[in-house]
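Asker: I'll drop the sequence and a predicted model, then ask my questions.
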Amino acid sequence: MSRYVLNIFKDTRALKQINIIAVFTTLAVFIPLFITDITGLTGNSGSALIALESIGFFGSLLLIFAIMFAIITVHEGIHGIFFKLFSPNSRVKFGYQTGMFYATSPGEIFSRGSFAVIIIMPFVLITAVLLFMMFAVPHGSYKYFIAFHTGACAGDFYYVYLIMKMKHMKFVEDTNVGMTLYESYPES
């Protein structure tokens, strides 16, 4: 049986590719959103700066980090919810290692399509909410959080890329350190 094992914490080539994806996706999202400010499409773009000035530099920094932490926490929570949706009896673990927060359901085996949905849903849902808020409640800071979150999804994008690239692999086992792709359902 053919298989492909990814240990995201030890594969330096994969980590370099993820960093490239992070920079590219952050810029690819940030530049168009910044242009919407210049053209006035998102409304009161200066309000973010005014709000941050009112709480001072350190207060602003603390608020930004708190929002970023909240976004990451919700992101990993969405992974956890989708792990449970596709495998209700699975055990979901959350952690932090090598600069990455993660959610995992170690040992669970999913179809490649199900695993791709589990991996991409935080990007889809959080981006949709932030885009809605950017236009419904105009505020200049949303574009920064959309760009930050998109860049933070680089590892997820890399996983989906591998799943789509290796079409002959039909099943994915989630592991504590990444994933293993299988050509056929693995024997116990």
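Answerer: Great, that's in hand. Residues are numbered from 1 along each chain as shown.
Asker: after the lowest-mean-pLDDT helix or strand in the chain comes which helix or strand?
Answerer: When the helices and strands of the chain are scored by mean pLDDT, DSSP states H and E, helix 12-39 comes last with a mean of 77. Next along the chain after helix 12-39, taking DSSP states H and E as the criterion, comes helix 47-86.
Asker: now for that next one, which elements pack on it?
Answerer: strand 100-104, helix 112-136, helix 142-152 (3 or more C-beta pairs under 8 Å, 6 or more residues apart in numbering; DSSP states H and E). C-beta: built from backbone N, CA, C; applies to glycine.
Asker: that helix: which residues count as buried?
Answerer: Buried positions in helix 47-86, judged by neighbour count with 16 or more other C-beta atoms under 10 Å: 48, 52, 60, 71-72, 75-76, 78-83, 86.
Asker: mind checking the pLDDT average for stretch 144-151?
Answerer: Computed over stretch 144-151, the mean pLDDT rounds to 88.
Asker: how far away from the center of its chain is that stretch?
Answerer: Chain-centre distance of stretch 144-151: 9 Å, with C-alpha atoms, centre = their mean, to the nearest Å.
Asker: now do stretch 56-63
Answerer: 25 Å.
Asker: please apply the same query to stretch 10-27.
Answerer: 13 Å.
Asker: cool, and stretch 176-186?
Answerer: That offset, for stretch 176-186, works out to 20 Å (C-alpha atoms, centre = their mean).
Asker: buried residues in that stretch?
Answerer: Quick answer for stretch 176-186 (16+ other C-beta under 10 Å): Val177, Gly178, Met179, Thr180, Leu181, Tyr182.
Asker: quick check: His149 touching Ile78?
Answerer: No: if you go by C-beta atoms under 8 Å, His149 and Ile78 don't touch, sitting 11.4 Å apart.
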